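Asker: Fold the following for me, if possible:
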Amino acid sequence: MQLFPERIINLWNKYEVRVIILLSLVLQIILIILGNRRKWTARFWIRIIVWSAYLSADWVATVALGNLASSIGDSKDSIHVPNNALQEFWAPFLLLHLGGPDTITAYSLEDNELWLRHFIVLIIQVGVAFYVFLRSWGNTALTFLTIPIFISGAIKYGERTYTLMSSSSQHFKDYLPSSPDSCQDFVKYVDDKDIRGKREEGSEEPMVIPQDGIRTEDHYLVLAYYLFIRTKFFFAERTLNTNEQKRIYSIIKNKPAAEAFKLVAVELGFMYDMLYTKAAIVYSHLGIVFRCITFFSSVCSLVVFSTIIDTHVYPLVDISITYLLLVGAVLLELYALILLSLSDWGKLWLIKPKNAQHNPISKTLADLFWKFSSHSQSLLTSNKRWSESMGQYSLLSSYIKDVQPACFGVQKLPFIRKWLKNMYLTRVDVNVDHLQETIIKYLKEQGRTVNKDDVSYHEQRDIFLTRRGYSVIKERHNILEQEAKWSIAALEFVDSVIIWHIATDICYYGDVTKLDPKCKIGKCLSDYMCYLLVFRPSMLPKGIGEVRYKEICAEVTTLFKQKRNNDIDICSEISKAYEALLRKYEKDLKPLIKMFEDGRWGSREFFDMKGNPSLLKYGCLFYRLLHRKVGDDNKKKWEIISDVWVEMLAYVAHSCEWKEHAQQLREGGELLTHVYLLAAHFGLSKQYFPNVLTQITPKKPREP
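Answerer: All right, here's what the predicted structure looks like:
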C-alpha cells in the first residue's frame, strides 16, 4: 500500500532536483543576510533561523549534488538531452553554495574544530562535481561556461575550509607570532614626555597614538585594531609582557566610558569576524584576488549565457532556474563586496591611501569612497557592533509566574520551560542609569592602584583577582563588614550570588519610590548575574552552581504552590509574594539573627550548609541583617548593593575562560565579555608577565 498517490510520486520525481536546487539558493540568501546579524542582535528568532539554515544548507546542497550525479545516464547521448545538459550545468553552483557566504562559516566554535572533516568533504564534493562535469562534457558553449563557475565554487569551498582550520583553537594559537604586530601603519609609540600638556615631571610612560595624518574620527578604529591584535593573544590564552600592558593601558586609562566601551566593541567585532566568518582569508590580498575572480566569473557567465546560449531548446522551468542561479550568484557576490567595503576592515584598508600624502589621487578616491560607505552603511548594516543589552532573570519572580496555570501546562514539558524562558527573556540597555560609567569608574580605580608602581604591579594585580564583593565592603561600607564576611567571604561564590540576589529582589520590591539611580543599577546587575547562573552557567566560576539552582527552584516552586492553594491571590502581585516569603521564614530567622548579634555566626549551627541548606532562607536572613544595619536609608542601602554587584561582576568576568567569552560573540555578545576585556586593558589580568626573569631565592637550610 502506497502512502502517496502515483501521480504525486511521479511529480516529485520529475521536479525533485529543481526544488532542492532552489531550496539551496534560498538557504544561501538567508545565511548571507542574517548570518552576520548575530554579532549585534540577541534576538532568539534570528538565532533559530540561522541555526536551521546553517545545518540545512550543506545537507541540501549535498543531496542535490548526489541527485545530479545519479541522474546522468550511461548513454553517451545523454548530453544531447536538453534536460540533462542544463541540469548538469547546475552542479558547480552547488559548490558555490557549499562554500557558503562570507558572513558565516561556523555557527559555533565547535564547527571550527571539525575543519578536517570539512576538508575531506571538500575533496569528495569537488570530486562529485568534477565527475558530473566530465560526464556532461561536450563540444558546446554550455560545457565551457561551466568551467569558470566550477573554479569559483572550488575557491569558495576552499576558503571556507581554510577559514575553519585557521579559526580552530590549536591553529589559532600556532599561527600567532611570538610578539604582537606593532601596527606601525596605523599607530606610533611615544613617551609621555613627548605629548604636550599631558606629562607630569619625571613621567616617561610609553604611549600609543594614531599616526600623523589620520583624521580624528578614524582614531577609534586604528586604536581598536591595535588592541585587537593584542586581544588575539588573550583569546589564545597566551601572555603579553608588561611593556605591552603599559601601552594598552595608555590607550584606555583616560577614555570616557562611552569611548572605552566603543573601543572594546570594535575589537570584539574584529574577533567575531576572525572566528565565525571568512575574515581570515577575505580581508587579505589573496582574498581580494579570489573575490575578484569569483565576482567576474559570475558576471561573465550570466552575460554569456544570456547572449550565446540558445535557451529555446531547453524547458522554460530549467531556464528560469538557471537564470535564478546566475543572478543569485552575481547578487550574492555583489552584496558580499558591499559588506566588505562597509565593514571596519574595509575602512582600515581605506585609511592607508587616505593617509598617503604623496599620492593625492589615491587619497581623493579613498575620501570619496569613504563618504559613500559612510552614507550607505545605515542602509545595509547596523551601526551597533553588539546587542548593547544584557539578559535579566529574577529567580523568584520567574517561579512565581511558573506556578500560575499558563499555556495549558505546556511549559511543564521536558525542555520546553527553559526554551520558553529563553524565547521571552527580558533584556535591558547596558547603560541603564549610567551603568557603563559605574563600571569604568571601578575599573579605573583598580587600574590606578595596580599601575602606580612597576615593582608591586603583579602583587596588586593578584589582589584584584581575589576581589569578589567583600573588599568593597571593607573599604567603603565597613558598617556591614561582618554581614558581608558571612554572606560573601565565607561561602562559595554561587551561594553568595543567590543570597545577594534574593536580598536585592526583596529590597527592590519593598522600595516604594525606586528613584535612586543606584537602585536600578543594583537590580539590573542582580538579575543579570542570575541570568548568567541560569542560562550561562559555564561563564561562572566552577562550582556547584547548577546544583544550587535546582535546589532553590524546587524550594521556590513548592513554597508558592502551597501559597497558591491556600490563597489564590498571593501570587497576583510580586510584592505580596515577597511579603509572604518573609513571613514564611520569620520564626526561623529570629534565632539566627540572635546568634549573629551574639557573634556566633561562624558556628556550624548557624551555617547548617552541609545538611539541607536553604538559600532562600539565608537570602531573607541577609535582607533582615542589611535592614537592621542600614534602616530606612535607601540611598546608603542601594549604594552598598550596587558596589558589591559591580565587584562581583568584575570577579566573574576574569574568572570566565576566554572560550566561553568567544562563544557568546555569536549571540549578540555579553556585557561580561566587555567588562573582562576592559579590565584586561586596565592591566587587571593574569595574562601579563614581567619582562625579566624572576629569580626565586632559595631558602637557607636549617642548622642542625
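
Asker: Let me see the mean pLDDT of stretch 221-234.
Answerer: Mean pLDDT, computed over stretch 221-234, is 95.

Asker: And stretch 106-120, by the same measure?
Answerer: The pLDDT scores in stretch 106-120 average 95.

Asker: tell me, what residue is most central in this protein?
Answerer: The residue lying closest to the centre of the chain (C-alpha atoms, centre = their mean) is residue 665, at 1.1 Å.

Asker: I'd assumed it was in a helix, is it?
Answerer: Yes: per DSSP: H, G, I helix; E, B strand; the rest coil, residue 665 lies within a helix segment.

Asker: Let me know how buried the nearest residue to it once chain neighbours are set aside is, in neighbour terms.
Answerer: Of all residues not flanking residue 665 in the chain, residue 272 sits nearest, at 4.4 Å (C-beta to C-beta, 6 or more residues apart in numbering). Glycine gets a C-beta too; all of them are placed from N, C-alpha and C. Neighbours of residue 272 under the rule other C-beta atoms under 10 Å: 21.

Asker: Quick one: residues contacting residue 272.
Answerer: 39, 665, 666 (C-beta atoms under 8 Å, 6 or more residues apart in numbering).

Asker: mind redoing it with 10 Å?
Answerer: Residue 272 is in contact with 36, 38, 39, 40, 279, 385, 386, 662, 665, 666, 669, counting by C-beta atoms under 10 Å, 6 or more residues apart in numbering.

Asker: Now do the contacts for the fifth one.
Answerer: Contact criterion C-beta under 10 Å, 6+ apart gives 102-103, 105, 163, 166-167, 270-273, 287, 340, 343, 345 as the residues in contact with residue 279.

Asker: Sort out for me which of those are in helices.
Answerer: Among the contacts of residue 279, DSSP state H puts 163, 166, 167, 270, 271, 272, 273, 287, 340, 345 in helices.

Asker: Once you drop chain neighbours, what's closest to the fourth one?
Answerer: What that stands for is residue 270. Residue 270's closest residue in space is residue 228 (C-beta to C-beta, 6+ apart), at 4.2 Å.

Asker: Report how many residues lie close to the one you found.
Answerer: There are 23 residues near residue 228, going by other C-beta under 10 Å.

Asker: For the stretch 451-600 of the chain, just list every one of the strands.
Answerer: For the stretch 451-600 of the chain, strands defined by DSSP state E, counting those that start in this stretch do not occur.

Asker: could you check the distance from residue 322 over to residue 225?
Answerer: 43 Å (C-beta to C-beta, to the nearest Å).

Asker: meant to ask about residue 37, not that
Answerer: 23 Å.

Asker: what comes up buried for stretch 152-169?
Answerer: By neighbour count, with 16 or more other C-beta atoms under 10 Å as the criterion, the buried positions of stretch 152-169 are 152-169.

Asker: Over that stretch, what's the mean pLDDT, rounded is fine.
Answerer: Mean predicted confidence for stretch 152-169 is 95.

Asker: Which positions within stretch 644-664 qualify as buried?
Answerer: Here stretch 644-664 shows 644-656, 658, 660-664 as buried, counting by 16+ other C-beta under 10 Å.

Asker: meant to ask about stretch 383-400, not that
Answerer: For stretch 383-400, by 16+ other C-beta under 10 Å, it's 385-400.

Asker: likewise stretch 500-516?
Answerer: Going by neighbour count (16+ other C-beta under 10 Å), the buried part of stretch 500-516 is 500, 501, 502, 503, 504, 505, 506, 507, 508, 509, 511, 516.
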